[in-house]
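Chemist: here is a sequence together with a model predicted from it:
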Amino acid sequence: MQLPILSLPRAVPVQRERKPKENIPQTRTERESIRARLRQYVVDAKLVAPLSIADLRKHSEICVETQGLDPIHTDYVGVLLNSEVWRDQLAKVPYERRLLLLPKCMRIEDKCPAPFDEFGLLCKQCGLCTIQELQEEAERLGYAVLVAEGSALVMAIIETGKIDAIVGVSCLSVLEKAFPYMESAAIPGVAIPLLQDDCKDVTVDLEWIWETIHLTSQDATYRLNLDSLRSTVKEWFSEDSLEEIMGQAPTQTEKIARAWLAKNGKRWRPFLTACVWKSMVDDPDLPVPMSLKKLAVAAECFHKASLVHDDIEDNDDFRYGEPSLHNEQGVAVALNVGDLLLGDGYALIAECDLSAQQRIAISRVAAAGHRTLCLGQGAEFQWAKSPGPLSSSEVLDIFRKKTSTAFEVALQFGALAAGADQKVCSIISRFSDALGIAYQIRDDLEDMISGDSMSDLMAMRPSLPLALLHERVRGQAAHKSLVERAWRKACSKEELMQVEKLFSEYQIADRCKVLQESYKEEAIRCLTELENPSVKGLLRRVISKIFTVEVKDWCSEFETRNAASRTPSPQVAG
């Protein structure tokens, strides 16, 4: 089978995985949860900057107690609380009047070639750490950037009068020492704590830094609560809401389809439709119109239809932890219900209160997505007739057709409903490609770490871990033979267990992580071309939201960004 070879995003040569200290929450999920709660506390308590150290301590202790947080996190909560108080003011300061202050301990100390001068580190752009990328992006926006630390330097910078806001990255102890200077100058400052304070090869929440340096009041959605929006979207799939959006379901076939549509799911696709629409309308606080709800439900109809058909084609007995539709109702009924959901999706598009041109454009997107998905599934079927090893590029191309396409349909629905032009739609298409591949890589990675990779091997699904493993064992004849037999479904269960051991031996999980982060970064780079700060900002936050849930035993601060502009081959990435 011939598949087009994808050029892969850049990979990263250095990764560090270290556990945060006890006074820093251990996972990104926990940190995001605390930030969201503190943001709401600032609104409810009507806190106004600047806060004194005494007030900050008082409110930190209140938050720790009332929100059931571990008291060991009080200092961390104080830093976050102060940052949230200043967040709106920072957003109003032009980029060219801001300073990004990074600590030198973010470098790989024993490999860093950069010298120092009186202002700090002079980055040599070697790509070994994330300093280069952060510095390049911040300077592109207009920031002044220093890789240094120390309260005296902070004060000296403030006194120049050329800086009106600071985004600072440092350990908790340094942030505490710098606080009095920031307080006395009443200068907006948002701080991102390092995840260790031992000053050597530290890690940091890169998603948080990236979000903060792009913060701007020109983004009308920067205060939009994505968790609340996602909850709202999920409510559209209740029985009553679906009846309002789609009409009654009088026949048994319609009832089965409607129940399947309402079943559990992550609802990422309708969420994406709603996100893009909100980012492009003049007032994101406007109530979502019925037409947008219809498009969001249509996106989910197409997705749920594909799941029904996939489960039949792959002979999967379970979906969402329950019997799959064909296992419960029979293959004939399931096929018919899947087809009905496709018809429902197109009917919803036709019913939207949009211009004829918009409905035609949205229908074309849906039809093109449907065709691409079928071609991706067809490529899998053709491979299954005569299975053999696939390269990582070939597997990723299947991911692009089967997963990226669904993301693109959902995003384009929202964009076209809001009146997006061709340039925006083109950027969204490339963004979707990278986002969908990263998402599917995460699924393969979760299966590997949870021990479920055996199901892919036994079910004969193209697997990225197996493709990367095959590329790594080329020089080991015995291992190569075993992996090739696994690709051809010629292995016993005991041999498949040996293949799983090879995943660990050849560090395939680490290689998957590099690729996932590289495609996430590819999606982020696409957004730089967008001129609308609301679309750019919201889609950037959507990436963080989709990938917030962490894989067990995988440190979320896995640093895989550098600023090299090259595009490596699969061998470099793998």
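Modeler: Great, that's in hand.
Chemist: run the chain-centre distance for stretch 382-396.
Modeler: Centre-to-centre, stretch 382-396 and its host chain are 27 Å apart (CA atoms, centre = their mean, to the nearest Å).
Chemist: please save the CA atoms from it in PDB.
Modeler: Output of stretch 382-396 as PDB, limited to C-alpha atoms (Å, rounded to 0.1, in the frame of the first residue of the first chain):
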ATOM      1  CA  GLN A 382      -6.300  -2.400   2.300                       C
ATOM      2  CA  TRP A 383      -3.400  -2.700   4.600                       C
ATOM      3  CA  ALA A 384      -5.200  -5.400   6.700                       C
ATOM      4  CA  LYS A 385      -5.700  -7.500   3.600                       C
ATOM      5  CA  SER A 386      -2.000  -7.800   3.300                       C
ATOM      6  CA  PRO A 387      -0.500  -6.600   6.500                       C
ATOM      7  CA  GLY A 388       3.100  -5.600   6.800                       C
ATOM      8  CA  PRO A 389       5.200  -3.000   8.600                       C
ATOM      9  CA  LEU A 390       4.200   0.600   8.100                       C
ATOM     10  CA  SER A 391       6.500   3.500   8.600                       C
ATOM     11  CA  SER A 392       5.700   6.100  11.300                       C
ATOM     12  CA  SER A 393       4.900   8.600   8.500                       C
ATOM     13  CA  GLU A 394       2.400   6.200   7.000                       C
ATOM     14  CA  VAL A 395       0.700   5.600  10.300                       C
ATOM     15  CA  LEU A 396       0.500   9.300  10.900                       C
END
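Chemist: what mean pLDDT does it get?
Modeler: Per-residue pLDDT over stretch 382-396 has a mean of 90.
Chemist: flag every buried residue along it.
Modeler: 383-384, 389-396 (16 or more other CB atoms under 10 Å). Backbone N, C-alpha and C define where each C-beta goes, glycine included.
Chemist: between those residues, which is closest to residue 482?
Modeler: For these, the residue nearest residue 482 by CB to CB is residue 389; the value is 11.8 Å.
Chemist: and stretch 468-477, what's buried?
Modeler: Those buried within stretch 468-477 under the rule 16+ other CB under 10 Å are 468-473.
Chemist: follow-up on the earlier one: restricted to strands, list the buried residues of stretch 382-396.
Modeler: Taking DSSP state E, every one of those sits outside strands.
Chemist: which one of those residues sits closest to residue 375?
Modeler: residue 383 (12.7 Å).
Chemist: isn't the closest one right up against residue 462?
Modeler: Yes - if you go by CB atoms under 8 Å, residue 383 and residue 462 touch, sitting 6.6 Å apart.
Chemist: now the common contact residues for the two.
Modeler: Counting by CB atoms under 8 Å, 6 or more residues apart in numbering, the shared contacts of residue 383 and residue 462 are residue 390.
Chemist: in stretch 76-93, which residues are buried?
Modeler: By neighbour count with 16+ other CB under 10 Å, stretch 76-93 contains the buried residues 76-87, 89-91, 93.
Chemist: looking at those residues, which are in helices?
Modeler: Judged by DSSP state H, the buried residues of stretch 76-93 include 76-87, 89-91 as members of helices.
Chemist: hey, C-alpha coordinates of stretch 399-412 in PDB?
Modeler: Taking Å, rounded to 0.1, in the frame of the first residue of the first chain, the C-alpha atoms of stretch 399-412 are listed here in PDB:
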ATOM      1  CA  PHE A 399      -4.200   9.500  11.800                       C
ATOM      2  CA  ARG A 400      -4.500  12.700   9.700                       C
ATOM      3  CA  LYS A 401      -7.300  11.200   7.600                       C
ATOM      4  CA  LYS A 402      -9.300   9.600  10.500                       C
ATOM      5  CA  THR A 403      -8.800  12.000  13.400                       C
ATOM      6  CA  SER A 404      -7.600  15.400  12.100                       C
ATOM      7  CA  THR A 405     -10.500  15.500   9.600                       C
ATOM      8  CA  ALA A 406     -13.100  15.300  12.400                       C
ATOM      9  CA  PHE A 407     -11.400  18.200  14.200                       C
ATOM     10  CA  GLU A 408     -11.200  20.200  11.000                       C
ATOM     11  CA  VAL A 409     -14.900  19.700  10.200                       C
ATOM     12  CA  ALA A 410     -15.900  20.900  13.700                       C
ATOM     13  CA  LEU A 411     -13.600  23.900  13.600                       C
ATOM     14  CA  GLN A 412     -14.600  24.900  10.100                       C
END
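Chemist: where does the stretch 201-350 of the chain have low pLDDT?
Modeler: For the stretch 201-350 of the chain, the stretches flagged by pLDDT under 70 are 201-202.
Chemist: show me the strands in it, by range?
Modeler: Ranges of strands within the stretch 201-350 of the chain are 318-319, 322-323, based on DSSP state E, counting those that start in this stretch.
Chemist: for the helix or strand hosting residue 371, which helices and strands make contact with it?
Modeler: Using DSSP states H and E, residue 371 sits in helix 356-385. The helices and strands touching helix 356-385, judged by 3 or more CB pairs under 8 Å, 6 or more residues apart in numbering; DSSP states H and E, are helix 290-314, helix 331-351, helix 392-399, helix 405-417.
Chemist: winner for burial among the ones you listed?
Modeler: Per residue and on average, the most neighbours among the helices and strands packed on helix 356-385 fall to helix 405-417, with a mean of 27 (mean count of other CB atoms under 10 Å).
Chemist: quick one: that helix to helix 290-314, angle?
Modeler: 170 degrees (axes from the mean of the first three to the mean of the last three CA atoms, to 10 degrees).
Chemist: and helix 405-417, what's its mean pLDDT?
Modeler: 96.
Chemist: what helices and strands are in contact with it?
Modeler: Looks like helix 405-417 contacts helix 268-280, helix 290-314, helix 356-385, helix 422-450 (3+ CB pairs under 8 Å, 6+ apart).
Chemist: winner for burial among the ones you listed?
Modeler: By mean count of other CB under 10 Å, the helices and strands packed on helix 405-417 have helix 268-280 as the most buried, with a mean of 26.
Chemist: does anything pack onto that helix? Which helices or strands?
Modeler: Under the contact definition 3+ CB pairs under 8 Å, 6+ apart, helix 268-280 sits against helix 226-235, helix 290-314, helix 405-417, helix 533-546.
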